[in-house]
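S.K.: sequence and computational prediction follow.
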Amino acid sequence: MTELKTPNRVPRDFPTTRFPTLLPAAFAAALWLACAGTAEARKPNIVVILTDDQGYADVSYNPHHPKEVSTPNIDKLARSSVICTAGYTSGHVCSPTRAGLMTGRYQQRFGIYTAGEGGSGVPLSETFFPQHLEKAGYISGAFGKWHLGVDIKYNALHRGFDEFYGFMGRGAHDYFDLNTPDHPIYRGLEPIKDKGYLTDRITEEAVSFIRRHKDKPFFAYVAYNAVHSPAQAPAADIRKETDDPARNTLMAMLRSLDTGVGKIVDTLKSEGVYNNTLLFFLTDNGGSKVMHANNAPLRGYKQNDYEGGVRVPFIVSWPAKLKGGTTCSAPLMSIDILPTALAAAETGRVGSLPLDGRNIMPALEGKTDLVHEQLYWSSAAGKGAWAIRSGKWKLVGLKTRLELFDLESDIGESKDLSGKHPEQVKKLKRLYDAWLDEMAEPANGAAKRWSADTPASGKKNKKKSREEQRKLRDARRAKRKTEKKKPGE
């Protein structure tokens, strides 16, 4: 852990005035002990702020950010937190990462390799984040993008949350039209008619939840859909900051997002619960090329396993326990958030399913530089894309091609070293194959390993694959139309 250079300041909890001399010393000591005991007994609140498709350099605390990027509220949070410089997500697209975060497990263990599989629903046999916390007395709320099942049985309220405001199955939602019948906003289990700018509405709901439940331990999962497509922002907020109109809209969306993060943090402070809140801020995958995100200095974007697809802004704050203004360089992953929260809450997991995530508190405190021996990614046979990181080495698989990178000297993955280090390639490939052996087959029926003969991969199968996918889409549309026509619905 490396300390950031910050101005000398009086510690937040250091008293700036003394007790009056008339106050008996014994009473002062007793008062201090009582307050300390109360603070110690109170379990920490847990807040996870998950943004969508935000670029690695689309935060202005990143020194590689372009001049148009300004995120003062996120920067302020970062300055008082631990910045994880090697923070990863378990997926390179939306839903797989969310499935991994909610379970603390590699989502491939239960067949989630792509956004479509995750959007169709995570098996109900999997235990979700708030279900572990319930026995410890937590109240839980989910706000924003769910993308973990469109069927009502997969609603957040059926996965342990006490409150839910947001949309369910799809990866994107219109930011202004909050009354779309076939893609509604839900409050709890019921679709509602709402109005406003969706980023702002998510913030308002999260702030309300914090204010209403400040007197008990709470878990707030705030999953913004910003800055995912469509590119939409209030017209008055869009400025000509670059020669790229799409980038200008993205910056307006980013400002709304940054304002929302600031309001959530300010609410935690004004309600007196900030110091004892374990807060994670990250995005769900790399920035999107379609949305003109900036991932500098990384290679690639969302939907691939280069660093630009899976390495993300990742901040952890807990003023009562963690020293702010520091960095953590240990490679860690979004699946680590759940076990870290359980350790902080001093409560065990529910059920017998093993977690892949680890408690990262020792790394955040600077006690270790190692959280995982290896980290893994896979999108199954369709793309034939996968990756493994072990120490400084990262092996990227692209169907028939393997690329090896030294991330310590080449974070931009510009130099393929597979020819110079064939033994390292073989070692990492063996580790990856052994890991994939443990994973389930994809829920969509595809194969988890790519080969030239695998359907949905390779040129000779591409035409057949597209035809099969078209038929599947048509069948789903027909099913939805039939369900809409059922009496009483």
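M.R.: Great, that's in hand.

S.K.: wouldn't Leu257 be in contact with Ala226 here?
M.R.: Yes: if you go by C-beta atoms under 8 Å, Leu257 and Ala226 touch, sitting 4.3 Å apart. For glycine as for every other residue, the C-beta is placed from the backbone atoms N, C-alpha and C.

S.K.: which neighbours do these two share?
M.R.: Listed as contacting both Leu257 and Ala226 by C-beta atoms under 8 Å, 6 or more residues apart in numbering are Thr51, Gln54, Thr199.

S.K.: residue contacts, the first one?
M.R.: Contacts of Thr51 were listed using C-beta under 8 Å, 6+ apart, and they are Tyr224, Ala226, Val227, Leu257, Phe281, Leu282, Thr283, Asp284, Pro313.

S.K.: roughly how far apart are it and Pro123?
M.R.: Distance of Thr51 to Pro123, computed by C-beta to C-beta, to the nearest Å: 26 Å.

S.K.: next one: the second one
M.R.: Per C-beta to C-beta, Gln54 is found 29 Å from Pro123.

S.K.: more neighbours: which of those two?
M.R.: Gln54 (32 against 15; other C-beta atoms under 10 Å).

S.K.: mind checking pLDDT for that one?
M.R.: Confidence at Gln54, expressed as pLDDT, is 98.

S.K.: I'd assumed Gly287 was in contact with it.
M.R.: Yes: in this structure Gln54 lies within contact range of Gly287 using C-beta under 8 Å: 6.2 Å.

S.K.: can you list residues touching both of these two?
M.R.: Joint contacts of Gln54 and Gly287 (C-beta under 8 Å, 6+ apart) are Ala293.

S.K.: quick check: phi and psi at Pro130.
M.R.: Backbone geometry at Pro130, expressed as degrees, to the nearest 10, gives phi -70, psi -20.

S.K.: residues contacting it?
M.R.: Applying C-beta under 8 Å, 6+ apart to Pro130 gives the contacts Tyr138, Ser140, Arg159, Gly160, Phe161, Asp162, Phe219, Tyr221.

S.K.: pLDDT-wise, which helix or strand of this protein ranks last?
M.R.: helix 25-41 (a mean of 43; mean pLDDT, DSSP states H and E).

S.K.: I'd like the distance from the helix or strand following it to the chain centre, please.
M.R.: Scanning forward in sequence from helix 25-41 by DSSP states H and E, the next helix or strand is strand 45-51. Relative to the chain's own centre, strand 45-51 is displaced by 9 Å; criterion: C-alpha atoms, centre = their mean, to the nearest Å.

S.K.: also stretch 378-391?
M.R.: How far stretch 378-391 lies from its chain's middle: 19 Å, per C-alpha atoms, centre = their mean.

S.K.: use 13 as the first number from now on
M.R.: Understood, numbering begins at 13; the last thing we discussed is stretch 390-403.

S.K.: picking that back up, go through the shared contacts of Leu269 and Ala238 and say which is closest to Leu354.
M.R.: Thr63 (23.4 Å; C-beta to C-beta).

S.K.: what does the pLDDT read for that closest one?
M.R.: For Thr63, the pLDDT comes out at 99.

S.K.: which residues touch Ala305?
M.R.: Taking C-beta under 8 Å, 6+ apart as the contact definition, Ala305 lies against Asp65, Gln66, Gly67, Asp70, Val239, Leu262, Gly298, Gly299, Tyr313, Lys314.

S.K.: farthest pair in those?
M.R.: Comparing all pairs in the contacts of Ala305 by C-beta to C-beta, the longest separation belongs to Leu262 and Gly298, at 14.3 Å.

S.K.: what helices and strands are in contact with whichever strand or helix holds Asn85?
M.R.: Counting by DSSP H and E, the element that carries Asn85 is helix 84-91. If contacts are counted by 3 or more C-beta pairs under 8 Å, 6 or more residues apart in numbering; DSSP states H and E, helix 84-91 sits against helix 257-282, strand 289-295, strand 326-329.

S.K.: as a markdown table, those with mean pLDDT would be great.
M.R.: Converted to a markdown table, these look like this (pLDDT from 0 to 100):
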| stretch | mean pLDDT |
| --- | --- |
| helix 257-282 | 98 |
| strand 289-295 | 99 |
| strand 326-329 | 99 |
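
S.K.: before we move on, the earlier item: now neighbour count and distance to Gln143 too, for the contacts of Thr63, in CSV please.
M.R.: As requested, the contacts of Thr63 are exported to CSV (neighbours: other C-beta atoms under 10 Å; distance: C-beta to C-beta, whole Å):
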residue, neighbour count, distance to Gln143
Tyr236, 27, 23
Ala238, 26, 28
Val239, 28, 30
Leu269, 26, 28
Phe293, 27, 23
Leu294, 24, 21
Thr295, 28, 25
Asp296, 30, 21
Pro325, 24, 28
